[in-house]
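S.K.: Here is a sequence together with a model predicted from it:
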Amino acid sequence: GYSTVRPWWIHRSAMAQLVVREDEWLKRLAAMKVSKADMDRLVMNYFVVEGYKDAAEQFALESNTSLETDLASIGDRMAIRSAIQSGDVDSAMERVNDLNPEILEGNPSLYFHLQQQRLIELIRQGKVSEALAFVQDEIPPLCEDSPQLLDELESTLALLAFDTLPSLTQDASSAMPSSSSSSGGGGGGGAAP
């Protein structure tokens, strides 16, 4: 069969419309050769990104894989992630700037997405007028050089249409507006990051 399933959190414009038949995909997968070194780097990357410092250290020893990151920074990364996940974007941005002030300056997309998350938190807290003021004052300069960010901003502002926002722990189907019971096309999903 064909697969065109799109996760609900990915905006339609962000996905290519490439459709690969299952048999073709399996054929390509079987032809793919992955070296042990590449696989080891992939596993190490997973441990580092997910914050498994002890596992990363042990894996580095056992697989003779070099560490391309400072393991001491894993705790800082996890604190930043935790702050964002708990809705404390200001604290996360403060921690990022404490680690390296150039990170946000040199990555406008990251800065935009953190500001977008700040906007989502204002909307989630029901602070609509504060959210609108924030959008007017803070967001326009971020979108000047990247018109595609306006699409993301529009999707985020669509959250204002909800009386209450779905929790990030809910599954995709419960996050959709339930104006009809049909499972037909409509909607396109939420704008949560």
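M.R.: Happy to help now that I have it. Being a predicted model, the structure only gives us computed values, none of them experimental. Residues are numbered from 1 along each chain as shown.
S.K.: So what's the residue count around R21?
M.R.: R21: 11 surrounding residues under other C-beta atoms under 10 Å. To be clear about C-beta, it is placed using only N, CA and C from the backbone, and glycine gets the same treatment.
S.K.: From M32, how far out is it?
M.R.: Note on R21: its distance to M32, by C-beta to C-beta, to the nearest Å, is 17 Å.
S.K.: Between the two ends of stretch 27-45, what distance do you get?
M.R.: 27 Å (C-alpha to C-alpha, to the nearest Å).
S.K.: who touches it?
M.R.: Residues from elsewhere that reach stretch 27-45, judged by C-beta atoms under 8 Å, 6 or more residues apart in numbering: V20, A56, F59, A60, S63, T65, L67, E68.
S.K.: which among those end up buried?
M.R.: A56, F59, A60, T65 (16 or more other C-beta atoms under 10 Å).
S.K.: now the first one: how far from S73?
M.R.: This means A56. 11 Å.
S.K.: Longest helix in this protein, by number of residues?
M.R.: Longest helix of the chain, by residue count under DSSP state H: helix 108-124.
S.K.: quick one: buried residues of it?
M.R.: Within helix 108-124, the residues that qualify as buried by neighbour count (16+ other C-beta under 10 Å) are 108, 111-124.
S.K.: Quick check: which ranges of the protein have low pLDDT?
M.R.: Within the chain, the ranges that satisfy pLDDT under 70 run 1-17, 163-193.
S.K.: residues contacting D145?
M.R.: Contacts for D145 (C-beta under 8 Å, 6+ apart) come out as P108.
S.K.: so what's the backbone phi/psi at it?
M.R.: The phi and psi values for D145, taken as degrees, to the nearest 10, are phi -90, psi 0.
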